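> got a sequence here, can you build the structure:
(chains A and B)
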Amino acid sequence: MLHRYLPMTEEDKQQMLETIGVQSIDELFSDIPESVRFQGEYNIKQAKSEPELMKELMALAAKNADIKTYPSFLGAGVYDHYIPTIVDHVISRSEFYTAYTPYQPEISQGELQAIFEFQTMICELTGMDVANSSMYDGGTALAEAALLSAAHTKKKKVLLSKAVHPEYRDVVKTYAKGPGLEVIEIPYKNGVTDLDALQAEMNEDVACVIVQYPNFFGQIEPLKELEPIAHAHKGMFVVASNPLALGVLTPPGQFGADIVVGDAQPFGIPAQFGGPHCGYFAVKSALMRKIPGRLVGQTTDEEGRRGFVLTLQAREQHIRRDKATSNICSNQALNALAASVAMTALGKKGVKEMATMNIQKAHYAKEAFVNHGFDVVFTGPFFNEFVVRLNKPVAEVNKKLLEKSMIGGYDLGRDYPELQNCMLIAVTELRTKEEIDMLVKELGDCHA
Amino acid sequence: MHKDQPLIFELSKPGRIGYSLPALDVPAVDVAQVIPTEYIRQEAPDLPEVSELDIMRHYTALSKRNHGVDSGFYPLGSCTMKYNPKINENVARFAGFAHIHPLQPEETVQGALELMYDLQEHLKEITGMDAVTLQPAAGAHGEWTGLMMIRAYHEANGDYNRTKVIVPDTAHGTNPASATVAGFETVTVKSTEEGLVDLDDLRRVVGPDTAALMLTNPNTLGLFEENILEMAEIVHAAGGKLYYDGANLNAVLSKARPGDMGFDVVHLNLHKTFTGPHGGGGPGSGPVGVKADLTPFLPKPTVEKGENGYYLDYDRPKAIGRVKPFYGNFGINVRAYTYIRSMGPDGLKAVTEYAVLNANYMMRRLAEYYDLPYNRHCKHEFVLSGKRQKKLGVRTLDIAKRLLDFGYHPPTIYFPLIVEECMMIEPTETESKETLDAFIDAMIQIAKEAEETPEIVQEAPHTTVVKRLDETTAARKPILRYQK
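Down below sits the predicted model:
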């Protein structure tokens, strides 16, 4: 058949069959027993030409309300941020996106160096010693942090703050079933992990304490108070962190975190319905040889020239098989590249400026809600999200907002029965004063 | 002499910026007023300070130091490095796909849910399975998801003693690693001299403690496991489940479906068979298909079609839970869907036919110059052994490095582990006969060099931006980040 992706001509085919010594392509499949041979064609949609398919899929995409057209106050782990135009130009260079894992360093120096730079930037932001080349996303990175803690401490109990993203917690619980870890959820109090409740669960069996910073409610967890509790019995202190917030907040590494994970989506990665995003994984050097995933290291070639290679591969599945520290193989390299470009574009100054702007806009919004008589549920310091209590179901309110071409915040009642009618509102640097004012106005009479 | 590309940090100069943020349009709250001092960062992260052109030149220079499928032939076995269609990239960037939030009301994302649902339907038909989840982010993630479902299935039957997962000695490293993460012990089953699973050995290792057999078919030697139905019978009779590693699905599209071969669980690598792309190592996408008896255990939520449109179903009491936040690598799934719709049923059939024709052609032409350990029709890939060249002092690693001088990415090397000095070659269907011939010529030349001027091969590569790198020192004294 003729297809633009298939260069084979009839003449080529005949010559090749002759070289192989068979009469037909079908003969090459003679080793598939008749009993399992699929007869005929798949019952799937017929192929469409390029312009027809483009048109169809454009119409399909147009059925969705995108957050570039509809101002959105949804956060909850995925944020609408400034993406420097340059990001897409870099990741569209096909030398990057059509390559695979850099197994052959001599012809993969570009990718390897870019990852090395990514690792460095993640270390800078988190205050950690070593960062890997990426994980699938923040949630699976957190689950791997729990597994690493358990393997390293040889303990089986995971204390997980309920102020951690509910979907991240779900992923941790699924992963925990493999090695048979016990996950105990620690309640929150005024929007942050309840220190007394945590203290009460702490003992010799605890592999790690997991908190999020800023947490799911946007609140800044008291890492300083949490750290001594987490470390009292030789457990690991694991912090999931929004890396953009670390442009302003003291990095978890400085508070003694052993593992810091998160999602680099705020840096140059579009929401795209939840994925692909870009997990990151950073550790103190003591855990360097146990970290999951690919690591890029600097070295020299035979002539003394600087170069980069995949290193410490003895941790990995293709070498250690069932003894590997993780099963991860493919990661999120292209998104790590996107995040690197965004972090580079923002740079030392911009990352602070953007993070600060998130704080300022979110605080302006919070004040506006307070001034309009709303109950802002948690009163501690926060980054770019806060919780407002309404007098009716969030879904209902969001429907009304949609009529005004706005996407409202997250319905916390879905995960927290005690937070029925509570909306988690995210305000990034992209939300204008006008949009914020409109949100407050539209919610006008919904205060509890 | 190639010029080094400095690190972006080395190009940094205080006072330069590469961003453009809107002016603050709300009162400028002083951060110190709202965040306690000890939580305010005292020292800024040392990120680069560069202009936009600095950035573009830097990454353009890096890209030139990288080989992708668009740069040249990339016959990396088991990775299916086929052409990545450009329409996929455009479609994935439509605002309605790229800029939708996963937690938006369902009525605002009907197009996305419809695409996911239709992709699932297509993958069900392609694999012969009853249900598909798009949640796993990559192949290994799919393996683990599938194994967790098998575990849940056995436990739901009150069967708690199935602690072992059987994998062939030719299996991808992820198989045993995934089994471990899922809490299983791995048992290895041997291959025969013909390169297929040894049925007697399988009978020996299978038992009441068998949770599953993980199999790639065709296997990593590129050979179709002809006794698949018998193997399925052996495993099923013992109460185990059969797991299909879909890394090699490109070999059997429209020819044989895992569901018809007796497999209970399948994962696919959308970044391989369905043109992901590979992204320099990811992101991938690893959907998992299952037979009806495993469907209740699918991770939640699932995408369903109801009377009032598409919706996410969270009400799944037997689900293994969530394996990933949100619904999978949607952006990659959009690309795979675009590809499947570009190919259609006859296109996908041609894909496999040409992939297998290309592999057999290369194998026959190279068999004269390199050892061919398994002399029978291969599927989409084949293995050669560099045994003959090793006797001349030229290792497979040297051959791989020499190929770099010809502008090729080498095959997968030293895998599968059971073949000495192994080279695993997968040409894919998107390569022309001219490309294959040129590569074959290079391989023949290298075989001759191994005999006549081995040092040319041993000292390769000669043309790359760096020569062979010191991996030993890199591992002994790791430098994993830049420091001033």
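> in chain A, where's the longest strand?
The single longest strand within chain A, with elements called by DSSP state E, is strand A:206-213.
> partners of that strand in the sheet?
Strand pairing for strand A:206-213, using DSSP bridges, gives strand A:157-161 (parallel), strand A:236-241 (parallel).
> output those in CSV, with mean neighbour count appended to each entry.
Placement of C-beta: from N, CA and C, glycine included. Converted to CSV, the strands paired with strand A:206-213 look like this (neighbours: other C-beta atoms under 10 Å in any protein chain shown):
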stretch, mean neighbour count
strand A:157-161, 25
strand A:236-241, 28
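> now these as JSON lines including distance to residue B:451 and mean pLDDT?
Output for those, formatted as JSON lines (distance: least, C-beta to C-beta, whole Å; pLDDT from 0 to 100):
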{"stretch": "strand A:157-161", "distance to residue B:451": "59", "mean pLDDT": "98"}
{"stretch": "strand A:236-241", "distance to residue B:451": "56", "mean pLDDT": "98"}
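> pLDDT on the longest strand of chain A, on average?
Per-residue pLDDT over strand A:206-213 has a mean of 98.
> same deal with stretch B:47-55?
Rounded mean pLDDT across stretch B:47-55 is 98.
> then stretch B:127-143?
On average, the pLDDT along stretch B:127-143 is 98.
> what's the end-to-end length of that stretch?
One end of stretch B:127-143 sits 15 Å from the other (C-alpha to C-alpha, to the nearest Å).
> got a list of what residue A:179 touches?
Counting by C-beta atoms under 8 Å, 6 or more residues apart in numbering or on different chains, residue A:179 touches A:147, A:150, A:151, A:156, B:181, B:183.
> can you select the buried ones among these for me in PyMOL?
Buried members of those, defined by 16 or more other C-beta atoms under 10 Å in any protein chain shown, are picked up in PyMOL with:
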select buried, (chain A and resi 147+150) or (chain B and resi 181+183)
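> please tabulate the contacts of residue A:179 in JSON lines, including the columns secondary structure.
Formatted as JSON lines, the contacts of residue A:179 follow (DSSP: H, G, I helix; E, B strand; the rest coil):
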{"residue": "A:147", "secondary structure": "helix"}
{"residue": "A:150", "secondary structure": "helix"}
{"residue": "A:151", "secondary structure": "helix"}
{"residue": "A:156", "secondary structure": "coil"}
{"residue": "B:181", "secondary structure": "helix"}
{"residue": "B:183", "secondary structure": "coil"}
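> ok, so of the contacts of residue A:179, who is nearest residue B:408?
Residue B:408 lies nearest to residue B:181 out of the contacts of residue A:179, by C-beta to C-beta, at 34.6 Å.
> isn't the closest one right next to residue A:326, touching?
Yes - when contacts are counted by C-beta atoms under 8 Å, residue B:181 is listed as touching residue A:326 (6.9 Å).
> any shared contact partners between the two?
residue A:147.
> what's the burial count for residue A:9?
For residue A:9, the tally of surrounding residues (other C-beta atoms under 10 Å in any protein chain shown) stands at 12.
> ok, now which ones touch the residue nearest to it when sequence neighbours are not counted?
Using C-beta to C-beta, 6 or more residues apart in numbering or on different chains and skipping residues adjacent in sequence, the residue nearest residue A:9 is residue B:433, 7.9 Å away. Contact analysis of residue B:433 by C-beta under 8 Å, 6+ apart lists A:7, A:8, A:9, A:12, A:15, A:16, B:361.
> quick one: the fifth one is in a strand?
No - using three-state DSSP, the assignment for residue A:15 is helix, not a strand.
> what number of residues lie near it?
Neighbour tally, residue A:15, other C-beta under 10 Å: 14.
> which pLDDT does the model give it?
For residue A:15, pLDDT reads 98.
> for residue B:208, see how far away it is.
From residue A:15 across to residue B:208, the span is 54 Å (C-beta to C-beta, to the nearest Å).
> same thing with the third one?
Residue A:9 is 55 Å from residue B:208, where distance means C-beta to C-beta.
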